[in-house]
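**Student:** let's see this in three dimensions:
(one chain, ligands or ions: 3)
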Amino acid sequence: MSKSHDPWQDAMDHAVAVARKSGEMIREVVQNQDQSSLVQTKSSAVDLVTETDQKVERLIIQSVKSKFPSHRFIGEESVSSGEPCILTSDPTWIIDPIDGTTNFVHRYPFVGVCIGFAVNQQVEWGVVYSAIEDKMFTARRGRGAFCNGRPLQVSTQTDVHRSMVATEFGSDRDPQVVDKIFSSLHKVLSLPVHGVRGAGSAALNMCAVARGSVELYYETGVHVWDIAAASVIVTEAGGVLRDTTGGALDLMSRRIVAANNETIATRIIAELEVYSSERDDRAPDCEPE
Ligand SMILES: Nc1ncnc2c1ncn2[C@@H]1O[C@H](CO)[C@@H](O)[C@H]1OP(=O)(O)O
Ligand SMILES: [Mg+2]
Ligand SMILES: [Mg+2]
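**Tutor:** Ligands and ions are numbered 1, 2, ... in the order given. As a prediction, this is how the structure comes out:
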């Protein structure tokens, strides 16, 4: 695919520019304002949102709309305020303005601005900007994955006992869910693996797989905006994507495994508890009372 024939390159260039601008806004707030008293909660007492999440999402959507008026959007904060979360075959920007809001609020330095772009329900490119670290992760389908312009490659490790695994505790504190999280964690740790880490951002955990820092990342409860942009970064770096059931990844299913290769993916998936969160694309009319 030559650059001149890529219909989506302009959109990707725009995403890189607006992600950088968003990152500047985020850094400004982290350096100059205390967010701890300004947070609001969403789905649970520990699912946080700030004015900056909303401002950054508005900045991204407004700038894209003026340049690409026919494109659609799925944005974390727009969905939160009632917009639909349906991926059609139209060109769609999938946005998480701050992935790692809890980190942002606590000044823990891993927050990602995530912008993915799907056409015919396939992610064409993804941009994840780690704003505090100033690392721009990018990937275009078929053209490789990069961090600040340098190519990314997953780890070549196939021995699970020499692997490092990333996961998160999520925002659901239902005791049954917490039990399942700890059951999986117990089994994975006891394999044993070298270590378990979590950046506090689904997207940055996936970028850690892409750059070979961890062999695998798994989680249940993620949303499409957490994983869409980073999904193509993982595959273009040579990695694989799965559902925690072992089947193909479904962006709307709230479950993900991103791994360096099939061997590690299969071995870890065998240890994971499979459970479900409500799908992202559930029809609002079908919601239970
Ligand atoms: N208390 C919490 N701890 C960890 N992740 C949380 C969380 N609340 C929400 N999340 C979201 O869940 C994702 C997967 O763990 C994170 O990337 C994060 O995305 P967010 O910051 O965009 O909300
Ligand atoms: Mg997120
Ligand atoms: Mg977010």
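**Student:** number of residues surrounding the residue of the stretch 151-289 of the chain found nearest ligand 2?
**Tutor:** Using CB to the ion, the closest approach of the stretch 151-289 of the chain to ligand 2 is made by residue 226 at 4.0 Å. All C-beta atoms are positioned from the backbone trio N, CA, C, and that covers glycine. By other CB atoms under 10 Å, 28 other residues sit near residue 226.
**Student:** mind listing what it touches?
**Tutor:** 96, 99, 114, 202-203 (CB atoms under 8 Å, 6 or more residues apart in numbering).
**Student:** redo that, cut-off 10 Å
**Tutor:** The contact partners of residue 226, taken as CB atoms under 10 Å, 6 or more residues apart in numbering, are 76, 94, 96, 99-100, 112, 114, 168, 201-203, 205-206, 219, 251, 254, 256, 280.
**Student:** where does residue 18 fall, phi/psi-wise?
**Tutor:** Main-chain dihedrals, residue 18, degrees, to the nearest 10: phi -70, psi -30.
**Student:** ok now whichever strand or helix holds residue 54, how far from the chain's centre?
**Tutor:** Residue 54 belongs to helix 51-67 when elements are defined using DSSP states H and E. Taking the mean of its C-alpha atoms, helix 51-67 sits 18 Å from the chain's own mean (CA atoms, centre = their mean, to the nearest Å).
**Student:** next one: stretch 240-260
**Tutor:** 12 Å.
**Student:** gap between the two ends of it?
**Tutor:** 6 Å (CA to CA, to the nearest Å).
**Student:** just stretch 136-145 next, same as before
**Tutor:** 11 Å.
**Student:** in it, what's buried?
**Tutor:** For stretch 136-145, the neighbour count (16 or more other CB atoms under 10 Å) marks 136-141, 143, 145 as buried.
**Student:** list the backbone torsions phi and psi for residue 6.
**Tutor:** phi -90, psi 110.
**Student:** who touches it in this structure?
**Tutor:** Contacts of residue 6 (CB under 10 Å, 6+ apart): 12, 124-125, 140-143.
**Student:** related to what we said a few turns ago, mind checking which of the contacts of residue 226 land in helices?
**Tutor:** 76, 202-203, 205-206 (DSSP state H).
**Student:** for those, which one is nearest residue 192?
**Tutor:** residue 205 (20.0 Å; CB to CB).
**Student:** could you measure from the closest one over to residue 89?
**Tutor:** 29 Å (CB to CB, to the nearest Å).
**Student:** what's around the one residue in the stretch 1-150 of the chain that gets nearest to ligand 2, how many residues?
**Tutor:** Per CB to the ion, residue 99 is where the stretch 1-150 of the chain lies closest to ligand 2, at 3.6 Å. Neighbour count of residue 99, defined by other CB under 10 Å: 32.
**Student:** please see if the lowest-mean-pLDDT helix or strand in the chain touches ligand 3.
**Tutor:** Lowest mean confidence among the helices and strands of the chain (mean pLDDT, DSSP states H and E): strand 48-49, at a mean of 92. No: against ligand 3, strand 48-49 shows no contacts by CB under 5 Å from the ion, the least distance being 7.6 Å.
**Student:** same question for stretch 162-182.
**Tutor:** No: Stretch 162-182 lies out of reach of ligand 3 by CB under 5 Å from the ion, never closer than 10.8 Å.
**Student:** I'd like the mean pLDDT over that stretch, please.
**Tutor:** Averaging pLDDT along stretch 162-182 yields 97.
**Student:** mind listing what's buried in it?
**Tutor:** 163-172, 177, 180-181.
**Student:** what does stretch 246-263 give?
**Tutor:** Buried-residue list, stretch 246-263, by 16+ other CB under 10 Å: 249-261, 263.
**Student:** starting at the chain centroid, how far to it?
**Tutor:** Distance, centroid of stretch 246-263 to centroid of chain: 12 Å (CA atoms, centre = their mean).
**Student:** between the two ends of it, how far is it?
**Tutor:** OK, stretch 246-263 end separation, CA to CA: 12 Å.
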